[in-house]
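Asks: Sequence unavailable; structure follows:
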């Protein structure tokens, strides 16, 4: 494993986490819209 590869993997995991957070945010936003 090169340091570059490790950095790439870390970036990838961060992006996956951000995606998950965005999905959760949009779902909770949709739920709030339905409750109105």
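Replies: Structure received. Note that the structure is a prediction, hence the values are computed from the model and not measured.
Asks: Low-confidence ranges, the protein, go.
Replies: 1 (pLDDT under 70).
Asks: residue ranges of the strands in it, please?
Replies: With DSSP state E applied, the chain shows no strands anywhere along its length.
Asks: And the helices in it?
Replies: 3-35 (DSSP state H).
Asks: how about residue 27, what does it touch?
Replies: Under the criterion of CB atoms under 8 Å, 6 or more residues apart in numbering, residue 27 has no neighbours. Heads up, the C-betas are built off the backbone N, CA and C, glycines and all.
Asks: and it, how far is that from residue 20?
Replies: Here the criterion is CB to CB, to the nearest Å. By it, residue 27 lies 11 Å from residue 20.
Asks: One more: residue 31?
Replies: Taking CB to CB, one finds residue 31 at 17 Å from residue 20.
Asks: From residue 27, how far out is residue 14?
Replies: 21 Å.
Asks: What of residue 34?
Replies: 11 Å.
Asks: got it, and residue 18?
Replies: 15 Å.
Asks: Could you do residue 16 as well?
Replies: 17 Å.
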